[in-house]
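Novice: Structure for this input, please:
(one chain, ligands or ions: 1)
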Amino acid sequence: MNYVEMKAPAKINLGLNIISKRDDGYHNLETIFYPIYDLFDKIVVEKSDSFRFTSDNAHLTDDESNLIVRATRLLENKFKKIFNINIYLEKIIPMGAGLGGGSSDAAAILLVLNDMFKLGLSYGKLSEIALTLGSDVPYFLKPKPALGKSRGEELEFLEIIIDKPILLVNPGIHISTKEAFQNIKPTPLVGRIELGAKIASGDVRSFNGLLSNDFENYVFERHPEISGIREALVADGALFSQMTGTGSTIYGIFEDIESAERSKKRLPENYFTFISHHGF
Ligand code: C5P
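Specialist: Sure thing, here's the model as predicted:
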């Protein structure tokens with residue numbers, strides 16, 4: 001295999017509860033990861049005679065601030081090899097938006113390198129390596145609906161399918177994940193999301209009152225513009241609307257495509273918007 005094209009999809013969190021602070025500085029959490037297959041970054045990898053990373057997004061450079069480069073270096077160090085490859089990334093998922101784009105790209109590169117250079121890493125080993133790159137990276141090795149625990153690497157796959165359009169709205173506000181975690185008071189109430197997952201299954205209306213994102217209070221207080229988006233989507237008929245991750249993207253699940261389109265049209269033109277059609 002000398003040439004691969006990969007799609008690295010986005011995700012949303014259906015509920016996100018912070019349970020406790022751990023001795024290693026991270027937090028234990030519970031969430032449902034839900035993949036957005038039709039919003040994805042495109043990654044092309046081909047064997048070459050040197051390493052090169054390029055992207056249509058000029059903010060992404062070929063140093064280790066870039067998770068794709070960091071993932072490559074990590075495997076190089078582990079296997080004492082040099083991977084001479086050209087990587088091209090078409091960046092479509094908004095960055096720092098709670099949609100997991102960077103984590104998804106990193107997981108995709110781990111999978112590609114494992115295949116391309118026949119590294120023989122099992123899913124379990126890949127997951128361990130992925131976790132050293134970021135808490136959400138293990139999830140993207142198998143991006144299917146899943147209940148996530150611990151830092152998000154303990155995964156239990158779920159049978160949830162949302163058969164309705166999902167409108168994603170990102171106003172371009174940057175929220176620091178680290179700061180959001182530093183400012184949250186954990187609620188040691190395990191099982192809230194699990195209960196939600198069981199009861200809610202596919203009935204989107206029942207997500208209300210069952211699935212909450214503990215970061216909303218912190219983020220909404222500092223950025224009323226973000227809570228304003230949620231209010232607008234609900235006023236436009238969203239059956240369920242919530243912030244994903246630590247923000248700043250808000251999603252709304254609508255009954256039909258017409259109401260999702262109508263709601264999208266009312267938003268400011270400089271916002272990133274996307275309607276996922278995947279599940280129906
Ligand atoms: O794992 P990741 O690098 O994405 O996390 C960014 C920051 O968010 C961490 O440095 C940590 O401060 C915080 N975090 C946390 N608990 C988690 C995930 C992230 O405290 N489960």
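Novice: what pLDDT does the most centrally placed residue in the chain get?
Specialist: A centroid search over the chain (Cα atoms, centre = their mean) returns G100, at 2.5 Å, as the residue closest to the centre. pLDDT, G100: 98.
Novice: State the distance from it to I12.
Specialist: To I12, G100 is 9 Å away according to Cβ to Cβ, to the nearest Å. All C-beta atoms are positioned from the backbone trio N, CA, C, and that covers glycine.
Novice: Also S206?
Specialist: Distance from S206 to I12, by Cβ to Cβ: 17 Å.
Novice: quick one: which of the two has more around it?
Specialist: The neighbour count for S206 versus I12, taken as other Cβ atoms under 10 Å, is higher for I12 (27 against 15).
Novice: what's near enough to touch the residue nearest to the centre of the chain?
Specialist: Applying Cβ atoms under 8 Å, 6 or more residues apart in numbering, we find G100 in contact with A10, K11, I93, D136, Y139, F140, G245.
Novice: Now the two most distant members of those residues.
Specialist: I93 and Y139 (14.3 Å; Cβ to Cβ).
Novice: Tell me the spacing between E261 and L267.
Specialist: 11 Å.
Novice: ignore the last one, V45
Specialist: 35 Å.
Novice: More neighbours: which of the two?
Specialist: Set side by side, V45 and L267 show more neighbours around V45, with 25 against 17, by other Cβ under 10 Å.
Novice: State the mean pLDDT of the helix or strand harbouring the more buried one.
Specialist: Element membership of V45 [criterion: DSSP states H and E] is strand 27-47. Averaged across strand 27-47, the pLDDT comes to 97.
Novice: Packing partners of it?
Specialist: Counting contacts by 3 or more Cβ pairs under 8 Å, 6 or more residues apart in numbering; DSSP states H and E, strand 27-47 is packed against strand 3-21, strand 85-90, helix 101-116, strand 146-149, strand 166-170, helix 192-200, strand 272-276.
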